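Q: Here's my sequence, what's the structure:
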Amino acid sequence: MADKKVSALSAVTSISSDDLFMVVNDPQGTPASNKVSVKSIFNSVPANTSITGRFSTTANNTLAGTTTTISSNTTVSGNLTSTRTATFSGTLHITGDKKFVLSTKSTAPGSGNAVAQGLTAGTIFYSNTHLYIVTDSNTIKRVALSAF
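A: Numbers count the residues shown, from 1 in each chain. Just a heads-up that it's a prediction; the model follows:
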């Protein structure tokens, strides 16, 4: 085994947290071959990690924290749930059987003045009787809801 090239080893199709990688520690100084577990590698990823290239995932994922910001064109196939603030700069495409779900009903605002209500342009919400959208820093517009 010691004389085998890495490229000659058998490939695995899935990994688990106890699998091992070979690493060369201190390659510019005194190189030493060591091992590290998959779990150790991913536990070492800092909480504030930025991905500047393409990020693609097919697993169930959780983005936790108080704010999630995605500054790119984003496609969601399936369910996207945010319990905090999620900000998208660019285009958000949602595919699947549920197109857009506002999960929490709001109370009707006391006036159409967005500033007085503490709302920002682009905010969309609903009450039992209306669908509301804040169109600029001062204006809330609404559409009456009726049975169908």
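
Q: What lies in contact with the lengthiest helix in the chain?
A: If you go by DSSP state H, the chain has its longest helix at helix 38-43. For helix 38-43, contacts defined as CB atoms under 8 Å, 6 or more residues apart in numbering pick out 15, 16, 17, 18, 19, 20, 21. Glycine gets a C-beta too; all of them are placed from N, C-alpha and C.

Q: Repeat that for stretch 116-133.
A: Stretch 116-133 is touched from outside by 102, 105-111, 114, 134-137, 140-145, with contacts defined as CB under 8 Å, 6+ apart.

Q: Are any of these buried, and if so which?
A: 109, 114, 134, 140, 142 (16 or more other CB atoms under 10 Å).

Q: Please name the residues that touch the third one.
A: For residue 134, the residues meeting the contact criterion (CB under 8 Å, 6+ apart) are 114, 119, 120, 121, 122, 123, 124, 140, 141.

Q: sorry, back to before: closest to residue 30 out of the buried ones among the contacts of stretch 116-133?
A: residue 134 (61.1 Å; CB to CB).

Q: Run through the bridge partners of the closest one.
A: Judged by DSSP bridges, the bridge partners of residue 134 are residue 140.
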